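Chemist: Structure of the sequence below:
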Amino acid sequence: MRSKLQRERTVWRKRWRLPGSSWRDYEDALSQRESLIKELHAEAEMHHHQLGLLTQLQSELCSAREMSEFLQAENDLARDQTEESERLLRGHVQSLRERDSECEDLRLALEQLRLEKDSLQEELDSTRDKARSMLLEQGEQMAQASNDLVLLNHRVCRLTGVLKESLASEESESSDKTSQPLRHPSSSFVGSVMVAMMKTASPEGSEEQQEGIVSETSAFTRIPPSTHTEGREERRSRMVDLLCDLGESVSDLQLRVQRDAEQQTVCGLQEALQEESERRRQHVSELRQTVERLQAQVEKDAAVLLQKAQEERNLRKLCRELEENMEAAHKHRAENSELRREVADLRRLEQQAQVEAQVLREELNRTGVQSAASAKALDERIQLLREVEKLKANLMETEENRAKVLERAKRHQRVHAMNQSKLERELHLLDEMIETVRQTLSSIPDRVKSCPELQKLVEFIG
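Modeler: Next up is the predicted model:
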């Protein structure tokens, strides 16, 4: 290179034959040009080295970009899984709350049924005690009535025997006096009494006939039979006794009829008591079945709650893992953003070096001598190009930040819309639950009146 410059210098000397002072000026300018060329060669080598570094950084940037895309995909997947897990967790929490409310309602219903069962059991025990005492009284009354019936039977038998004896004696005494045969007496008790009364009336009629036959003008005198008079008085006294016994028998029969009516009433009461006890027994069995069903439902709900709690623990564990993954993704994202900034700086330096090299090439390709003013203008141009590239880099970074902010705002808007729709669904579900509770409480007004907690619930929900 130096030999070439020396040859050119000799050629210029021979061609122009300049004086020594001007020649020295040109030599100084050439020496400055040579030093500038050396500096440019050094800068070109440095730029080539920087270009190699930039290619290496570009390859690293490509791998970092791929890693960033992979991490971004994993981050999106983790975010989707987190949102899905949060949605499932909210659904499980809502179902757990509903199960808790249902279990509380079932527990209250179970307590109410237990109280009803206890009251019915007490009522059944009191009814059994009353029925037992009534049956004991009825047994005593029936025993007394059987004793009275035995005594009445003995009296009736004795009365019939006495009546038969009196009838037999009267028939034997008046068989020769009566011209017409009498009607055979009835075998019943009333027939015996009627026959006895007829027998007492027939002697009086015969006595009147005899008195009519034997008058004061008659030639015959009546001799009053003393034996017949005594027998008549004895029969009258016996008849009075029989009538007294008959009155007692009639009163005993009335008592017996009353006792039979009372016994029928007692039988009806026993049947009603048996029906009531059977109905109570059926009601108690139904209550027991209801209690067993409620207990089975409570056990089933408890098992479901345990399963939901296990699922909730698993979801919490998964959420912790997702949070750890999110933290790792945030770290990778920070590293990726740092690498992006470094790559952007390197690109800016590369572009700046390329622009400077291009300007220097253009200046080197030009022929002729350059003055200090042109060198200064070149430096200013290079400085302006650097400022332009820096402004372009700042503009690109601002655009990227703006795009990130817009993306974040859109994501927040989507999340807000999802939360709003979820809140509306939960409010709708809550309204349906309140309406169902209101309808259920309106269908059982008796229990609501008997339970103060249900009354408070009705007042609370309006």
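Chemist: use CA for all of it now, contacts and neighbours both
Modeler: OK.
Chemist: Now do the helices in the stretch 301-450 of the chain.
Modeler: Along the stretch 301-450 of the chain, the stretches classed as helices by DSSP state H, counting those that start in this stretch are 372-443, 445-450.
Chemist: Which one of the ones you listed lies nearest to residue 115?
Modeler: The closest of the helices of the stretch 301-450 of the chain to residue 115 is helix 445-450. By CA to CA, the value is 11.5 Å.
Chemist: Show me what the closest one is in contact with.
Modeler: Among residues not part of helix 445-450, those counted as contacts by CA atoms under 8 Å, 6 or more residues apart in numbering are 441, 454, 455.
Chemist: Can you tell me the closest non-neighbouring residue to residue 252?
Modeler: Excluding its sequence neighbours, the residue lying closest to residue 252 (CA to CA, 6 or more residues apart in numbering) is residue 152, at 7.0 Å.
Chemist: do the same with residue 305
Modeler: Leaving aside its sequence neighbours, residue 305 sits nearest to residue 96 (CA to CA, 6+ apart; 6.8 Å).
Chemist: for whatever helix or strand the one you found lives in, packing partners?
Modeler: Per DSSP states H and E: residue 96 is located in helix 20-174. Judged by 3 or more CA pairs under 8 Å, 6 or more residues apart in numbering; DSSP states H and E, helix 20-174 is in contact with helix 189-213, helix 226-365.
Chemist: Go through the ones you listed and name the closest to residue 141.
Modeler: Ranking these by proximity to residue 141 (CA to CA) places helix 226-365 first, at 8.4 Å.
Chemist: between that closest one and helix 372-443, how many degrees?
Modeler: With axes from the mean of the first three to the mean of the last three CA atoms, to 10 degrees applied, the angle from helix 226-365 to helix 372-443 works out at 170 degrees.
Chemist: Give me the distance from helix 226-365 to the chain's centre.
Modeler: Put simply, helix 226-365 sits 9 Å off its chain's centre (CA atoms, centre = their mean, to the nearest Å).
Chemist: which strands and helices sit next to it?
Modeler: Using 3+ CA pairs under 8 Å, 6+ apart, the elements in contact with helix 226-365 are helix 20-174, helix 189-213, helix 372-443.
Chemist: quick check: angle from that helix to helix 20-174?
Modeler: Using the same axes, to 10 degrees: helix 226-365 against helix 20-174 is 170 degrees.
Chemist: Make residue 1 into 22 and carry on from there
Modeler: Understood, numbering begins at 22; the last thing we discussed is helix 247-386.
Chemist: and residue 461, how many neighbours?
Modeler: For residue 461, the tally of surrounding residues (other CA atoms under 10 Å) stands at 11.
Chemist: Look up how far residue 360 lies from residue 70.
Modeler: Distance of residue 70 to residue 360, given as CA to CA, to the nearest Å: 20 Å.
Chemist: residues in contact with residue 421?
Modeler: Not one residue lies near residue 421 by CA under 8 Å, 6+ apart.
Chemist: now do residue 442
Modeler: Neighbour list for residue 442: empty [criterion: CA under 8 Å, 6+ apart].
Chemist: go with 10 Å
Modeler: Neighbour list for residue 442: 436, 448 [criterion: CA atoms under 10 Å, 6 or more residues apart in numbering].
Chemist: and it, how far is that from residue 433?
Modeler: 14 Å.
Chemist: State the number of residues packed around the residue nearest to residue 273.
Modeler: Neighbours of residue 173 under the rule other CA under 10 Å: 18.
Chemist: Only C-alpha atoms, please: export stretch 305-316 in CSV.
Modeler: Output of stretch 305-316 as CSV, limited to C-alpha atoms (Å, rounded to 0.1, in the frame of the first residue of the first chain):
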residue,chain,number,x,y,z
VAL,A,305,-94.2,-43.7,63.9
SER,A,306,-93.0,-46.3,61.3
GLU,A,307,-93.3,-43.6,58.6
LEU,A,308,-91.4,-41.2,60.8
ARG,A,309,-88.7,-43.8,61.4
GLN,A,310,-88.4,-44.4,57.7
THR,A,311,-88.2,-40.7,57.1
VAL,A,312,-85.6,-40.3,59.8
GLU,A,313,-83.6,-43.2,58.3
ARG,A,314,-83.9,-41.7,54.8
LEU,A,315,-82.8,-38.3,56.1
GLN,A,316,-79.9,-40.0,58.0
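Chemist: So what touches that stretch?
Modeler: Stretch 305-316 has contacts (CA under 10 Å, 6+ apart) with 124, 127-128, 130-132, 134-135, 137-139, 141-142, 145, 299-304, 317-322.
Chemist: Compute the distance between the spatially most central residue of the chain and residue 454, please.
Modeler: Taking CA atoms, centre = their mean, the centroid of the chain lies closest to residue 123, which sits 2.7 Å from it. Separation of residue 123 from residue 454 (CA to CA) stands at 11 Å.
Chemist: Then residue 125?
Modeler: 15 Å.
Chemist: With residue 122 instead?
Modeler: Taking CA to CA, one finds residue 122 at 11 Å from residue 454.
Chemist: Just give the number of residues close to residue 99.
Modeler: Neighbours of residue 99 using other CA under 10 Å come to 19.
Chemist: Look up the closest residue to it, ignoring the ones flanking it.
Modeler: Of all residues not flanking residue 99 in the chain, residue 343 sits nearest, at 6.5 Å (CA to CA, 6+ apart).
Chemist: and if you look at residue 152?
Modeler: In this structure, residue 152 finds its nearest non-sequential neighbour in residue 294, 7.3 Å apart by CA to CA, 6+ apart.
Chemist: For that neighbour, grab the count of nearby residues.
Modeler: Neighbours of residue 294 using other CA under 10 Å come to 16.
Chemist: Which pLDDT value goes with it?
Modeler: In this model, residue 294 is scored at 78, pLDDT.
Chemist: circling back: turn the helices of the stretch 322-471 of the chain into JSON lines, including mean pLDDT and distance to residue 286.
Modeler: Putting the helices of the stretch 322-471 of the chain into JSON lines (pLDDT from 0 to 100; distance: least, CA to CA, whole Å) gives the following:
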{"stretch": "helix 393-464", "mean pLDDT": "77", "distance to residue 286": "41"}
{"stretch": "helix 466-471", "mean pLDDT": "80", "distance to residue 286": "35"}
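Chemist: Out of the ones you listed, which is closest to residue 100?
Modeler: helix 393-464 (11.3 Å).
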